[in-house]
Each structure stands twice: as structure tokens, then as C-alpha cells.
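> Generate coordinates for the sequence data below:
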Amino acid sequence: MLRTLRRALRPTRLRIPALRFAAGIAELPPTAREALGTDVTAGEAIAYNRVRVATATAVSLYRSGYTLPMTDDDLDDAVRALDFPYSVPSAETHASIRAALAVLEADYTVTLTC
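Here you go, the predicted structure:
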């Protein structure tokens, strides 16, 4: 009985499976090694890959009609739906996704064509 009550009181979570990207998944850009070569430093590679994940995720979310605010769990689900090799994005990646999505939402010249 107590379990049933707890389950009923839990807040509803938005789940974003891969099929929910109605407008399609953004094309994944090359990895840091492919784009910048082997001379890239570890810091540069981390920054590049973080923005790579954030931009592709934000574009897919924007194309599918998702807007801010979004919880960290929602963003984690979106990244997993894109099949990135990382299971849980960092706090910095969450912030980058939100920033990229905010730019897409704010720019009136960005339009969706389906």
C-alpha cells in the first residue's frame, strides 16, 4: 500500500526516447581526433567533444519542438537517444546543451523545415 502511494506521489518525468525526435536526429559531427588531428591537447579534445554532444543534442531537441527549461534527466535521455558513447553527460555538457538550445530558440532566423 505504501509503495502504491509513493508511486502515485512521484512527479511525472519526461522521457525522450529516440523515436520522440519526430523531426529527425541531427547529423553527428566528427570526433575531436577526426576534426582536429592527433596534435590536439586533452583539454581541447574535451572541450570540442562536449560542444559536439551539446550542439547535436540541442539541434535534435529544437527540431522536435522541445524548449527550455529541461531537467538534467531529460537531457541525459536526449544524449542517450543520440547514441553517444557516454552514459551520463557532465554538468558542463548539460550547461552547453541548454546554451545551444537557448540560442536556437532566441534566433528568429532559425526556422524548421520538415
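> residue nearest the centroid of the protein?
By Cα atoms, centre = their mean, the chain has its centre lying nearest to T57, at 3.2 Å.
> Show me where the protein has its helices.
Ranges of helices in the chain, per DSSP state H, are 2-9, 32-36, 42-63, 72-81, 91-106.
> The fourth one packs against which elements?
Just to be clear, that refers to helix 72-81. Packing partners of helix 72-81 (3 or more Cβ pairs under 8 Å, 6 or more residues apart in numbering; DSSP states H and E): helix 42-63, helix 91-106. For every residue, glycine as well, the C-beta is placed using N, CA and C.
> Highest mean neighbour count across those, which stretch is it?
For the helices and strands packed on helix 72-81, the largest average neighbour count (mean count of other Cβ atoms under 10 Å) is found in helix 42-63, namely a mean of 19.
> export that helix as PDB, just CAs?
The C-alpha trace of helix 42-63 is given here as PDB (Å, rounded to 0.1, in the frame of the first residue of the first chain):
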ATOM      1  CA  ALA A  42      43.400  16.700 -23.900                       C
ATOM      2  CA  GLY A  43      41.700  20.000 -22.800                       C
ATOM      3  CA  GLU A  44      41.000  20.900 -26.400                       C
ATOM      4  CA  ALA A  45      39.600  17.400 -27.100                       C
ATOM      5  CA  ILE A  46      37.300  17.500 -24.100                       C
ATOM      6  CA  ALA A  47      36.000  21.000 -24.900                       C
ATOM      7  CA  TYR A  48      35.400  20.000 -28.600                       C
ATOM      8  CA  ASN A  49      33.600  16.800 -27.700                       C
ATOM      9  CA  ARG A  50      31.500  18.500 -25.100                       C
ATOM     10  CA  VAL A  51      30.300  21.100 -27.600                       C
ATOM     11  CA  ARG A  52      29.900  18.400 -30.300                       C
ATOM     12  CA  VAL A  53      27.500  16.500 -28.000                       C
ATOM     13  CA  ALA A  54      25.700  19.600 -26.900                       C
ATOM     14  CA  THR A  55      25.100  21.000 -30.300                       C
ATOM     15  CA  ALA A  56      23.800  17.800 -31.900                       C
ATOM     16  CA  THR A  57      21.600  17.200 -28.900                       C
ATOM     17  CA  ALA A  58      20.200  20.800 -28.900                       C
ATOM     18  CA  VAL A  59      19.500  20.700 -32.700                       C
ATOM     19  CA  SER A  60      17.600  17.400 -32.300                       C
ATOM     20  CA  LEU A  61      15.600  18.800 -29.300                       C
ATOM     21  CA  TYR A  62      14.900  22.000 -31.200                       C
ATOM     22  CA  ARG A  63      13.800  20.200 -34.300                       C
END
